[in-house]
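In: All I have is the shape, not the residue letters:
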């Protein structure tokens, strides 16, 4: 059973930065697509960014382009989401998910990490 674990969430002021991490136990992430989603209270889940497996192609939602960067460190079996210039509307629970390709419904999910942007 694949277990994904997110970390790095927290409280940050508008304009600040956070780096989220997604790692897996008993599974290598290097050849899998990893996607970050977020869900704010009362809103639908939103795909934020995705990185493909071997090719490493990246995708971003329009709302985060130019502010968020997804990357992977295969030696650490970790995928990162660097979030800069955070805005209050970025407040949500952030989830990482894994599958063979980037798609709306990914196969494996983590438990999520809370990101709160507030002054």
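Out: Yep, that arrived. Just so we're clear, the structure is a prediction, and the values are computed from it rather than from any experiment.
In: use CA for all of it now, contacts and neighbours both
Out: Fine.
In: do you know how far the most far-flung residue of the chain relative to its centre is from residue 94?
Out: Ranking residues of the chain by C-alpha distance from their mean position (C-alpha atoms, centre = their mean) puts residue 119 at the top, at 22.9 Å. Between residue 119 and residue 94 the computed distance is 20 Å (C-alpha to C-alpha, to the nearest Å).
In: now swap in residue 102 and tell me
Out: According to C-alpha to C-alpha, residue 102 and residue 94 sit 16 Å apart.
In: Could I get the full set of strands for this protein?
Out: Under the criterion DSSP state E, the chain contains strands at 3-7, 10-12, 18-25, 33-39, 46-51, 58-60, 68-73, 78-83, 92-99, 108-109, 113-117.
In: export these to JSON lines and tack on mean pLDDT?
Out: Rendered in JSON lines, the data for those read as follows (pLDDT from 0 to 100):
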{"stretch": "strand 3-7", "mean pLDDT": "95"}
{"stretch": "strand 10-12", "mean pLDDT": "98"}
{"stretch": "strand 18-25", "mean pLDDT": "95"}
{"stretch": "strand 33-39", "mean pLDDT": "98"}
{"stretch": "strand 46-51", "mean pLDDT": "97"}
{"stretch": "strand 58-60", "mean pLDDT": "97"}
{"stretch": "strand 68-73", "mean pLDDT": "96"}
{"stretch": "strand 78-83", "mean pLDDT": "97"}
{"stretch": "strand 92-99", "mean pLDDT": "97"}
{"stretch": "strand 108-109", "mean pLDDT": "95"}
{"stretch": "strand 113-117", "mean pLDDT": "98"}
